[in-house]
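> Predicted model follows, preceded by the sequence.
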Amino acid sequence: MQASENSNDDFLFIDDSDEDEILAQSGNDTWQVLIVDDDPEIHSVTQLALSDLVVLGRHLEYIHAYSGSEACQLIEENAEIVLVLLDVVMETDDAGLNVVKHIRETLNRQDIRIVLRTGQPGYAPEESVIKEYDINDYKTKTELTRRKLVTTVFAAIRSYQQIATVNENRQGLEKIVAGATELSSKHSISAFCHSVLMQLNTIISNDSSSVLCARGQGIIDNVDDLSFYILAQSGHDNSLVNQKLEQLKNEQANKFVKTCFLQQQHQIEDQHLSLYIAKGDYRAVIFVELASPLSEIQTQLLNVFLSGVAVGYENVHLFQKLSNAAYKDWLTNLPNRLEFLRLLDDFSQQNGEQLVAALIDINHFSDINDALGQDIGNQLLTAVGKRMLEIGSICKFARVGADVFGIIGPESVVTPENLMGLFLHPFTAGEQHLPINACFGFCTKEHAENSGVKVLNQINIALNLAKKNRLEHFAYYNPEMEDQMQWRLGMIRQLRNDFAANCLELWYQPQLSLETGKVIGAEALLRWRTADGNYISPAVFIPLAEYSGLIIDIGDWVINQACEQIKRLDSSFNNISISVNVSIPQFRRDDFVDTVIGSIKSHQIDPSKLELEITESILMDDPQLVVDALMKLKSEGISIALDDFGTGYSSLSYLQKLPLDRLKVDRAFVTNIAEEGQSVIAETIINLGKKMDLKVIAEGIEEIKQQERLLELGCDEVQGFYYAKPMPEKDFIEFLKANH
Ligand code: C2E
Ligand code: MG
Ligand code: MG
C-alpha cells in the first residue's frame, strides 16, 4: 500500500460508536482476526479501533501479515482464524485477490470470512469476484469509520458463527445418519447397545463414560427379575455387561437410572445425562457421566439421535424374538437343532479345552406319546429339559430332535455316569411318574471334525451304536466307527437288493427228542448267499436288517416260508413244528400279531406247529409291548420259546408273565457241560423250566458227552451240530425221512 492511499487514515477515529450491546462480557475464548496490509500503520490503527470489542461473548485476537504471501502462510498454519481484513493492493495489484483465491480454492476454506479493503475505489475487484469467492464486504478505506469497521467485523463474525453452526449441525447429522446405518446393521441386542454408546460418544464429542441399562426380565437370557442390568458400557469395565447395575458401584448411576425410568423422560444436567429410550414394550436408560456440559447444538443433535435409537432398540428386540423363534425350541425354551449346530461349530473351532459334545436319545418316547397322549409327552420332554440343566451351568444344552437332547461341556462333567444319573428317578408329567431311560452318544474335542454339521454326524454315529449296544447304552465316537458305518451302509444296500431279488434262503436245523432220538421239529435259520456264492452269517446281517428296518419285510417272508414248510411237511410227517426267530422291530409294528395269525390262517396250518423264538434282550427292550403281543399270539395257539436263555437279564417276574412253551438253553451253557462243576447253570435252567411246566431244549450240542450230561439233567430236547447243521429244505426232508 502506498502512502498516498493513507490520506484518509484518520477515518478510523471518526465517530465513536455506541455499539455497547456487543461489548458484552467475554469468556476465555477469542475470535482470531488476521489483518493483512503492507502498511504497518493500518495494523495498529485497526487494532486500536477494534480494541475492547467483544463479539458474541468473545474478545478479538489479532494476527498480522504484511504481504499476500505471508497471509497465505499464516492462514495455512492457523486453523482458528475466522476473519481476514485484507488489503487488496500489496506486493502486487492483485496480491489480496490471490490471498482470497488461496483461501477458497487452495485451502478450500469456505467458512473464513473476508473483508476486502483498499485505498482507492479504482482497485475494487469485479462484482463477480466478490460473489464467486464469498467476500463479506468490500470497503474503501475511506468508508471505514470506526463504527462501520466495528459493524463490518461484527457482521462478519456472526456470519462465521452461523456457518460454523450449520457445519457442526451438518457434521452431527452426518454422524447420526452414519450412526443409524451402523446401528441398523446390528442384530444382536448387545452389539446394538454397544454401538449406541459408541455413536453417542461421537455425537456429543465428550470424554464421557456411559452405561445402557434395562430391566433384566425377558431381555437377558435366563434372567427372571426386574432389577436393572447393564446391557452395554463405555469407559467402564466390560465384565459389567449383563450384570446388575448395582455392580457398577455408582450411587448416582443407580439413582438417576431409576428416576429416569420412573419419570420417563431425559434428564440433561451439566455433569450427567439420563436418556430415556422407549418404544413399544421396550425401554432402556442410558446414563452418561460428562466431562463437560453439552452445547445447545449437541443437545439438539442428541435428541434427534435418540429418537432413532428408540426405534432401533425396539427393532433389535423384535429381531431377537424372531431369531429366538428360529433358534429356540418353543417347548423347552432350549436352543433348537439349528442353534445346536452353531454351538457345535464353536465347539469344533475352540482350542485347547477338554470339551465333549453329546446327544441324549430318550428310549421309547413315541410309545409314551401314543399311550399317554401328546400333552403328557410334551410335559415329559419339558421335565427332561429342566432336569438336564442340573448337569451344570457350565454346559450348553439344546433340544435337537423330538426326543433327542444335545449337551456340550467339559469332559469331566458330561460323562456317561452323570448323564445316566439324570434318568435314575422317574419324571413327573401331569399325574404320571414316568421311569424312562435313554441312550447317549459322545464326541470328544479330540476326534471332532471342524464343522458343527460334521460333529453332529459323528455324535449320531456314536449314538446309533449305543442304541444297538445291549449292555452299555452309550458310545464315544472314534474314527473307525465311520468305516464301520460305511461298511454297514454298503451291506444294507446289498441286503435290500438281494432280498428283493429273492436271494435269501431259509434253512432248517433239526431238533430232536433226547428220549426217542427222533426229529420233533426244526429251527428255521436265514441264509444269505451273495452273488459271489459266499454265505454271510445271520449274526452279521440280522443286526443290519434290524437297524435298517428291513427285518420287517424279511421277517414276514420268513414266517410265510415257515408256514408253507409246515403245510408241506403235514402231508408226510406228523407233529413236526418249525421255530422262527423274531426281532424287536417286528413287535413294534402295530399289525405284527395280525400278520402272523393271517399267515397261519391262509396256510391253514395248526398254529401250535409254528413256534416264535424271542430272546431275553427283546423282552427287556420293551417288556410290556412284547408281553401283550405274545399273549395274543398264545391265545391263538401259537407256541412261544425263550431263546438264548441265561445270557440276558430277564427278571424272573417277567418270565412268569410270559406265555411260554419252551426254554432254550444257550450254547454257552452247553459247551463245557460235560466238565466237572460246569453244568450248574444248565441244571438250574432245566429245573426252572420243569418247575414252570415248560419244555427245555438245549442248543449247540457238538459231542456225545454233552448229550449224556443233558440226559442226566433231565433236558427234553436238543439241537446241535452233533445231530445236524442247518441245511436247505431238500436235505432237511431227507434227514427227516431217516430220523422220524
Ligand atoms: P439262534 O436263534 O440262537 O440260532 C442258533 C444259532 O446257533 C444258529 O446260528 C445255528 O447255526 C447255531 N448252532 C446250532 N447248533 C450249533 C452247534 O452245535 N455249534 C455251533 N457252534 N453253533 C450251532 P446262525 O444260523 O448263524 O444264526 C445266528 C443267529 O441269527 C440266530 O441265533 C438268530 O438269533 C439269528 N437269526 C437267524 N435266522 C433268523 C431269522 O429268520 N430271524 C431273526 N430275527 N433272527 C435270525
Ligand atoms: Mg433261535
Ligand atoms: Mg439261540
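It's in. Ligands and ions are numbered 1, 2, ... in the order given.

> C-alpha only now, for contacts and for neighbours.
OK.

> what about whatever residue of the stretch 301-450 of the chain ends up closest to ligand 1, neighbour count?
The minimum distance from the stretch 301-450 of the chain to ligand 1, using Cα to the nearest ligand atom, falls at His364 (20.2 Å). Applying other Cα atoms under 10 Å, we find 14 other residues in the vicinity of His364.

> From Ile189, how far out is it?
His364 is 40 Å from Ile189, where distance means Cα to Cα, to the nearest Å.

> circling back: let me know the distance separating the residue of the stretch 301-450 of the chain closest to ligand 1 from ligand 3.
With distances taken as Cα to the ion, to the nearest Å, His364 is found 26 Å from ligand 3.

> Ramachandran coordinates for that residue?
phi 60, psi 30 (degrees, to the nearest 10).

> Quick one, grab the pLDDT at it.
Reported pLDDT at His364 in the predicted model: 88.

> just Asn315 next, same as before
For Asn315, pLDDT reads 85.

> Could you look up the SS state of it?
helix (DSSP: H, G, I helix; E, B strand; the rest coil).

> ok, how many other residues are close to it?
Neighbours of Asn315 (other Cα under 10 Å): 19.

> tell me the contacts of Leu525?
Leu506, Trp507, Tyr508, Gln509, Val580, Asn581, Pro726 (Cα atoms under 8 Å, 6 or more residues apart in numbering).

> Is the helix or strand that it is a member of in proximity to ligand 1?
Using DSSP states H and E, Leu525 falls within strand 519-529. Yes. Contact of strand 519-529 with ligand 1 (Cα under 6 Å from any ligand atom) involves Leu525, Leu526.

> just how off-centre is that strand within its chain?
The chain centroid and the centroid of strand 519-529 are separated by 53 Å, computed with Cα atoms, centre = their mean, to the nearest Å.

> Now look at that strand and say if it contacts ligand 3.
No. Using Cα under 5 Å from the ion, strand 519-529 never reaches ligand 3; the gap is at least 9.6 Å.

> Next: stretch 670-678.
No. Shown here: stretch 670-678 not in contact with ligand 3 (Cα under 5 Å from the ion), separated by at least 11.6 Å.

> Between the two ends of that stretch, how far is it?
9 Å.

> Give me the contacts around that stretch.
Here stretch 670-678 has contacts from Ser679, Ala682, Ala698, Glu699, Gly700, Ile701, Glu702, Lys705, Gln706, Arg709, Leu710, using Cα under 8 Å, 6+ apart.

> In JSON lines: those, plus distance to Val99.
Formatted as JSON lines, the contacts of stretch 670-678 follow (distance: Cα to Cα, whole Å):
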{"residue": "Ser679", "distance to Val99": "120"}
{"residue": "Ala682", "distance to Val99": "118"}
{"residue": "Ala698", "distance to Val99": "118"}
{"residue": "Glu699", "distance to Val99": "116"}
{"residue": "Gly700", "distance to Val99": "116"}
{"residue": "Ile701", "distance to Val99": "119"}
{"residue": "Glu702", "distance to Val99": "119"}
{"residue": "Lys705", "distance to Val99": "126"}
{"residue": "Gln706", "distance to Val99": "123"}
{"residue": "Arg709", "distance to Val99": "126"}
{"residue": "Leu710", "distance to Val99": "125"}
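
> now, which of these sits nearest ligand 1?
Looking across these and measuring by Cα to the nearest ligand atom, the closest to ligand 1 is Gly700, at 3.3 Å.

> contacting residues for that closest one?
With Cα under 8 Å, 6+ apart, Gly700 has these contacts: Asp666, Arg667, Val670, Thr671, Gln719, Gly720, Phe721.

> what about it, distance to Thr516?
Gly700 is 19 Å from Thr516, by Cα to Cα.

> now Thr92
142 Å.

> which SS class is Glu91?
Glu91 ends up coil, using three-state DSSP.

> so how many other residues sit close to it?
That count, for Glu91 with other Cα under 10 Å as the rule, works out to 15.

> Kindly report the same for Ile408.
By other Cα under 10 Å, neighbour count at Ile408 equals 24.

> Does it touch Leu355 like I think?
Yes. Counting by Cα atoms under 8 Å, Ile408 does reach Leu355; the two are 7.1 Å apart.

> what residues are shared contacts of the two?
Phe347.

> contacting residues for Asn575?
So Asn575 contacts Ile520, Gly521, Lys609 (Cα under 8 Å, 6+ apart).

> And it, how close does it get to ligand 3?
From Asn575 to ligand 3 the distance is 22 Å (Cα to the ion).

> can you check Val36 too?
Here the criterion is Cα to the ion. By it, Val36 lies 115 Å from ligand 3.

> my read: that residue touches Val84, true?
Yes. Between Val36 and Val84 a contact is recorded at 7.1 Å, counting by Cα under 8 Å.

> Run the angle between the strand or helix carrying Leu489 and strand 519-529 for me.
Secondary structure assignment for Leu489, by DSSP H and E: helix 479-500. Interaxial angle, helix 479-500 versus strand 519-529 (axes from the mean of the first three to the mean of the last three Cα atoms, to 10 degrees): 110 degrees.

> Would you indicate which residues of helix 479-500 are buried?
Going by neighbour count (16 or more other Cα atoms under 10 Å), the buried part of helix 479-500 is Arg488, Met491, Ile492, Leu495, Arg496, Asp498, Phe499.

> Who are the packing partners of it?
helix 452-468, helix 538-548 (3 or more Cα pairs under 8 Å, 6 or more residues apart in numbering; DSSP states H and E).

> so Val580 sits in a strand?
Yes. Under three-state DSSP, Val580 sits within a strand.

> mind listing which of the contacts of Gly700 are in strands?
Gln719 (DSSP state E).

> Let's have the contacts of Gly700 in a markdown table, adding pLDDT.
Below are the contacts of Gly700 laid out as a markdown table (pLDDT from 0 to 100):
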| residue | pLDDT |
| --- | --- |
| Asp666 | 92 |
| Arg667 | 94 |
| Val670 | 95 |
| Thr671 | 95 |
| Gln719 | 98 |
| Gly720 | 97 |
| Phe721 | 97 |
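
> contacting residues for the closest residue to Asn464 other than its chain neighbours?
Closest residue to Asn464 apart from its sequence neighbours, by Cα to Cα, 6 or more residues apart in numbering: Gly441 at 7.6 Å. Contact partners of Gly441, counting by Cα under 8 Å, 6+ apart, are 358-360, 459-464, 466, 474-477.

> What about Gly280, how many residues nearby?
Neighbours around Gly280, by other Cα under 10 Å: 10.

> Name the nearest residue to it, sequence neighbours excluded.
Closest to Gly280 by Cα to Cα, 6+ apart is Glu314, at 6.7 Å.

> That neighbour contacts Ile277, doesn't it?
No. In this structure Glu314 lies outside contact range of Ile277 using Cα under 8 Å: 9.4 Å.

> Compare these two (neighbour count), which wins?
Of the pair Glu314 and Ile277, Ile277 is the one with more neighbours under other Cα under 10 Å, namely 25 against 19.

> OK, contacts around the more buried one?
For Ile277, counting by Cα under 8 Å, 6+ apart, the contacting residues are Arg283, Ala284, Val285, Ile286, Leu306, Ser307, Val309, Ala310, Tyr313.

> Tell me what Ala475 is bridged to.
Gly441 (DSSP bridges).

> Isn't it up against Leu465?
Yes. When contacts are counted by Cα under 8 Å, Ala475 is listed as touching Leu465 (6.6 Å).

> continuing past the lowest-mean-pLDDT helix or strand in the chain, what's the next helix or strand?
Scoring the helices and strands of the chain by mean pLDDT, DSSP states H and E places helix 127-132 at the bottom, with a mean of 71. Using DSSP H and E, the helix or strand that follows helix 127-132 in sequence is strand 137-140.
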